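Novice: build the 3D model from these lines:
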Amino acid sequence: MRICASPQQSSLIGSNGVASGGLAVARQSSVNEDAKVTAAQPLLAAILRCAYTSALGLRKNTVSGIWRAPARCTLSRYLLGANSLKQLSRWTLAFSALMPMALHAASVESMPSSKVLNRMDGIRSLRLASIPGNMPTYYSPEAAARAKYLQGLLGGEIAYYSGLFHVSLSPVTLAVLNTEQWSTVAGGGPYGMPSVDGTNPAVFVMPANWNEVKWMAVPKPEEVPPVMLRKALVNGKKWDQVKFEGCDGIGTHEIGHSIIHQLGIYPQAKWFNEFLASYVGYAYLKARAPAQALSNEIFWTAGLAKSPHPITRLDDFETKYDEIQQKYPGNYGWYQLALDQRVIEIYRQRGVDYLQVIRREFPSTASKLSGAQLLDKLEAITPGWKVWAVDVETGNIRPALMTESGHR
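Specialist: Numbering: from 1, shown residues only. Presented below is the predicted three-dimensional model:
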């Protein structure tokens, strides 16, 4: 899921992803999984996590001993405001000298199990109330209603695709946490950053209140096309609800990464991996919660025109992925929004059945394709990819949804 921000903040909500279930390692590019670091430096851990985002699917964070999806970092870079990004740059410089020491420190795998971060231990220590079900859900005080809603939303996504593909998808435990209890379960990192760990069962964390999340900027009502805003606010619906639904789209995107992996899909490229995670989340919402799908569409549309994008080549998204994330987060957000427009376009044509075709055509056993070969294959399945790619390269991506005047 993504969110658009002001040009000063240059941030949006992306695919770009946290995943649930299926915690085996997806195909990876040149990521050094043997890097050995300690879990005692949460800030350094956050910096190092971003270095691992060149992998596809889930990967192990050897800083904390947790399996995470790539959006753990991508979303933070996508959504951080300008001030936070400047601060992070200062932190990165300050701690860069510590990296060599950290990389040669004892591995968390060699530590006693009692010292490895375990989210269920944190949940038990807090004695959180819970809601039973296919997605057991724990929650902070006064978050019962939101926990019940998120259990239905995210647990419903897993159940939906399990039924659609006739497969058993790995269960996930959900924790909906307030600011005081977040770090006890989620560990380091900013409040409200959705992520999943690698324990059994996996634990997915979501914030109890998006209004308490400081790293994310959301669109303002006046930035939304009037026709979309009127449609979203029918029957007395308030903007705050639209905002929360758009933010919660992060969760459906992140669960989408796990579903892609568990279905045995090999995305071939980082940009197509992010596209698929968004497609999984969006198709589910269109089928089961169309009003919430509209809230995501609002965020995807509102931010596109405000996102700086001096870098536009798809090859750069592959080869300079970390650099774009870390140095040009607004530009990274623009790539994500460009992918979102293609999600909307293809869903209009093919619906959720598109994922059945992708699963068949991109098995986990497939050989690696070049960027050109991937576009050729996608074009043969659903024409329009090559035109979209040209529009990306020229920075000429337009909203996929119609504006009030009837023009795109």
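Novice: report the buried residues of the host helix or strand of Ala380.
Specialist: Secondary structure from DSSP states H and E places Ala380 in helix 371-381. By neighbour count with 16 or more other Cβ atoms under 10 Å, helix 371-381 contains the buried residues 371, 374-375, 378. For glycine as for every other residue, the C-beta is placed from the backbone atoms N, C-alpha and C.
Novice: what does stretch 127-134 give?
Specialist: Across stretch 127-134, burial judged by 16+ other Cβ under 10 Å covers 128, 131.
Novice: can you give me the helices for the stretch 251-400 of the chain?
Specialist: With helices called from DSSP state H, counting those that start in this stretch, the stretch 251-400 of the chain shows them at 270-288, 290-304, 314-319, 321-327, 329-350, 353-361, 371-381, 385-393.
Novice: could you tell me the least trusted of these?
Specialist: Sorting the helices of the stretch 251-400 of the chain by mean pLDDT places helix 321-327 lowest, at a mean of 83.
Novice: okay, helices next: where are they in the stretch 51-200 of the chain?
Specialist: Under DSSP H, counting those that start in this stretch, the stretch 51-200 of the chain gives helices at 71-79, 82-95, 99-103, 119-126, 144-165, 179-186.
Novice: alpha carbons of stretch 179-191, as CSV, please.
Specialist: What follows is stretch 179-191, C-alpha atoms only, in CSV (Å, rounded to 0.1, in the frame of the first residue of the first chain):
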residue,chain,number,x,y,z
THR,A,179,3.1,3.6,21.9
GLU,A,180,4.0,2.4,25.4
GLN,A,181,3.9,-1.3,24.6
TRP,A,182,5.3,-1.2,21.0
SER,A,183,9.0,-1.6,21.8
THR,A,184,8.4,-4.5,24.2
VAL,A,185,7.0,-6.6,21.3
ALA,A,186,8.4,-5.1,18.1
GLY,A,187,11.8,-4.2,19.4
GLY,A,188,13.7,-1.1,18.0
GLY,A,189,12.5,1.1,15.2
PRO,A,190,9.8,3.8,15.0
TYR,A,191,6.4,3.3,16.4
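Novice: possible to save the buried residues of helix 371-381 as TSV with distance to Ser278?
Specialist: Converted to TSV, the buried residues of helix 371-381 look like this (distance: Cβ to Cβ, whole Å):
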residue	distance to Ser278
Gly371	19
Leu374	17
Leu375	18
Leu378	15
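Novice: just curious, which of those residues is nearest to Ile346?
Specialist: The closest of the buried residues of helix 371-381 to Ile346 turns out to be Leu378 (Cβ to Cβ; 9.4 Å).
Novice: doesn't Trp385 make contact with the closest one?
Specialist: Yes. The criterion here is Cβ atoms under 8 Å, and Leu378 meets it with Trp385 at 4.3 Å.
Novice: tell me what the helix holding Ala380 is packed against?
Specialist: Applying 3 or more Cβ pairs under 8 Å, 6 or more residues apart in numbering; DSSP states H and E, one finds that helix 371-381 contacts helix 314-319, helix 353-361, helix 385-393.
Novice: follow-up on the earlier one: would you single out the least confident of the helices of the stretch 51-200 of the chain?
Specialist: Looking at those, the bottom one is helix 99-103 with a mean of 33.
Novice: not counting its neighbours along the chain, what's nearest Lys286?
Specialist: Distances taken as Cβ to Cβ, 6 or more residues apart in numbering place Ala293 nearest to Lys286, at 4.7 Å, with adjacent residues excluded.
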